[in-house]
Each structure stands twice: as C-alpha cells, then as structure tokens.
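[1] Need the 3D shape of this:
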Amino acid sequence: MWLAYKPNGTKNVRLFSGNFPGDGVIEFELGNVPEPKSAEVAETWGRFPYGIDYILRREGYELSQGIDGVLYGNIPGGGMSRSASLCNNLILSLFDANGIEVEDKNTIVDLAQAVENDYIGSPCGKLDQTMIIFAREGMATYYNPKDRSIDYVPIGAGAADFRIVVLDTGTDRPGLEKSTYKIRRDECEKLVSILQKAGYEISCLADIKDDELCEKIMSEFGAKYPDLCDRLRYIFGAQKRFYEMLEAWKAGDIETVGRIFRADGLGLRDDYKISGPELETMCDVVRTVPGVLGERMLGGGDKGASGVMVGAESVDAVKAAVDTAYPRSCPDFAGKYAVHVCKVVDGVRIYEGLL
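    Purely as a prediction, here's the structure:
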C-alpha cells in the first residue's frame, strides 16, 4: 500500500483512494471527527483516518498540520491486513507532517490497534500491525506477543526454490467485529475463564503446553464443552506446529514447512472452524497441483484469501489450475478472484519526497 502525501499548511486532512474512487475525497478538520463506532462512518474507509485523528489526540499528540494525500494498494480486502497497513501508513504520515518522532516502533502498533479496537470496534490484536512495522527482507519475523520480543529467522537455503502465493477468492469479508473471528475469540476467553475457576493457573489457552495437561482438560471438560475444547485442540496443536515450523525454516527444510502449513489449515477448518467455502475451494483446487507444498486459509476467516506454498517452477501451474477450476466451482466470483505472488520485504517506511 502506498500513500503519497504532503503537508498542506492547514488543519484539514484531504485524502483520496485510488481503490475507492467513488467515495471521492475524504476531508475533515483535525480534531473534528465523528464519535467512535458511529453509524455515520460505519461503511466508509474514511473511518480509519477519522479514528487515527481521534486516537492520536486522545493519547496526547498535538496535531496542527493537515495533509493532502493519495492512497493506492493491491492488498486483497479480506484476511491480508489491509486495515493495519492503512493505519500504520496514516499514523506515520501524520507524525512526519507534524514533526513528531517516535523511538519505539511498538508505539505505532499500539496506536493502530487502538484505532481498530476503540474507534471502529474491530476486536483485532497486534499481530498484523507488528508484522507490517517490523518486517525485514528475506527473513521470517518471529514475534512473541507475551513479551513483544522480535527475532528474525533466515528463510534458509531453500528460499529461492519456493514462492508464497495468495489466492484472493474475490469474496468480501465483513469487519472482524461482524465475523466468526470475534465469536472464536469470545469462546477462547470463555474457556480460559472456566479453567481459571476450576483452579488452572493460566492467563490464556497458549499457556497450556504440556500434553498431559491438555489431555486432562479435554477429559474433564470435553463432554460438557465440546466446541470450546475443539478450539483448545487447535491452539494446542498450532503451538507445537509453530515451533516445529521454526526449526524447519532455520534448516531450510521447505517441504516440512509446507506440510505444517497444510496441517494448520486443516486444523483451522476442522477444529477452530473459522474457514469458509470459497477459501476451502481454493485450497482444494491447488492441493493436487504437482509442486504444491502446502495450502491453507489466511487471515480472520469466513471470506477473503487463501495461501499456498509452492515450488518456484510450479507457480504457473497453480495459476492455471485456479483459472480453470475456481470459476467453475464458484461462478459468482469468476470475475473477481486474483492470484498474487508475494515476497518478503522490509516493513513500512517513509521515503524521501519526489518533489
């Protein structure tokens, strides 16, 4: 996502999106935006710049310089962190225009999350914002949300041999506040509360790391809370897969990485139950293509995009398979789907002005 901007010498912010030209110019005066979660802005992308102004002022930042800006991006609209990218970009741009320097990048992460949580009403965490801010070219970013530590893992000797391909289903996903993601998050928090009341000393389901402990909980609560225990089964398995994948990355064992990628997708589908028919159709289409290492849904679920790890020599075969089979299986989205070949680049940054 790109934002070209310049300070305009007024207290007004004027923004135009090349992705939503029909919305025209979003214009407002700094300090004069609609109230949080108001119906007035619920269905417009303008809620993000409004929210940024609101949150920055709430947190004590002095904004006196508006900007004129044009935005454009090619990020699919569901499950690919487009809102986090937009928030990060706009916060950094307003800080730059107003001469505000921030030493700790986590400050940007916290502010961007607050925009979505407190102004828009989306119950997102900090993962997307963190990845966008801290990404490093050629590296996998290892983020521990408990202590917010960041480490970088070389993708390994096999990096040149595979590609990560995003399969945009063409479906529109509702905001997280209206999605299955919120339901699943509430379920996880409910199970944590149940376990705490039963004497288990945990603060989140990720604290359950021991096989015997997990089996004990499943035995004790599985009959009464089968759905909640399915969520635990996924999270418990996902943690084990994560550390196995981490070692595979370091070793350059891309086939193992792909196998784990696929296994996690099946867990999301079967235990966490957060996928959707179009997402799984994409996975089914590419799963049998020679050279595909693994596939799964991406993002918050329901709609949006799936992803596939594939040998570099098989990217064209994946595209051909999608072009042949997906429109036949999902004709309503025949003219809307897209295939994006991705690469890891450095995180968000401000470039020197062109004028």
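
[2] Okay, helices next: where are they in this structure?
    For the chain, the helices defined by DSSP state H cover 47-58, 82-97, 105-114, 127-134, 180-197, 211-221, 226-251, 254-270, 277-287, 315-329.

[3] mind putting those in a markdown table, mean pLDDT included?
    A markdown table is the format used below for the helices of the chain (pLDDT from 0 to 100):
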| stretch | mean pLDDT |
| --- | --- |
| helix 47-58 | 97 |
| helix 82-97 | 94 |
| helix 105-114 | 97 |
| helix 127-134 | 94 |
| helix 180-197 | 95 |
| helix 211-221 | 98 |
| helix 226-251 | 95 |
| helix 254-270 | 96 |
| helix 277-287 | 97 |
| helix 315-329 | 98 |
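
[4] For these, give me a markdown table that also has distance to residue 11.
    All C-beta spots, glycine's among them, are computed from the backbone N, C-alpha and C. Formatted as a markdown table, those follow (distance: least, CB to CB, whole Å):
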| stretch | distance to residue 11 |
| --- | --- |
| helix 47-58 | 10 |
| helix 82-97 | 11 |
| helix 105-114 | 20 |
| helix 127-134 | 27 |
| helix 180-197 | 36 |
| helix 211-221 | 55 |
| helix 226-251 | 46 |
| helix 254-270 | 46 |
| helix 277-287 | 44 |
| helix 315-329 | 48 |
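
[5] Need those helices in JSON lines (columns: mean neighbour count and distance to residue 342).
    Converted to JSON lines, the helices of the chain look like this (neighbours: other CB atoms under 10 Å; distance: least, CB to CB, whole Å):
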{"stretch": "helix 47-58", "mean neighbour count": "23", "distance to residue 342": "23"}
{"stretch": "helix 82-97", "mean neighbour count": "23", "distance to residue 342": "14"}
{"stretch": "helix 105-114", "mean neighbour count": "20", "distance to residue 342": "21"}
{"stretch": "helix 127-134", "mean neighbour count": "21", "distance to residue 342": "13"}
{"stretch": "helix 180-197", "mean neighbour count": "16", "distance to residue 342": "22"}
{"stretch": "helix 211-221", "mean neighbour count": "14", "distance to residue 342": "34"}
{"stretch": "helix 226-251", "mean neighbour count": "17", "distance to residue 342": "16"}
{"stretch": "helix 254-270", "mean neighbour count": "19", "distance to residue 342": "14"}
{"stretch": "helix 277-287", "mean neighbour count": "22", "distance to residue 342": "15"}
{"stretch": "helix 315-329", "mean neighbour count": "16", "distance to residue 342": "11"}
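
[6] Out of the ones you listed, which is closest to residue 160?
    Nearest to residue 160 among these is helix 254-270 (10.1 Å), distances taken as CB to CB.
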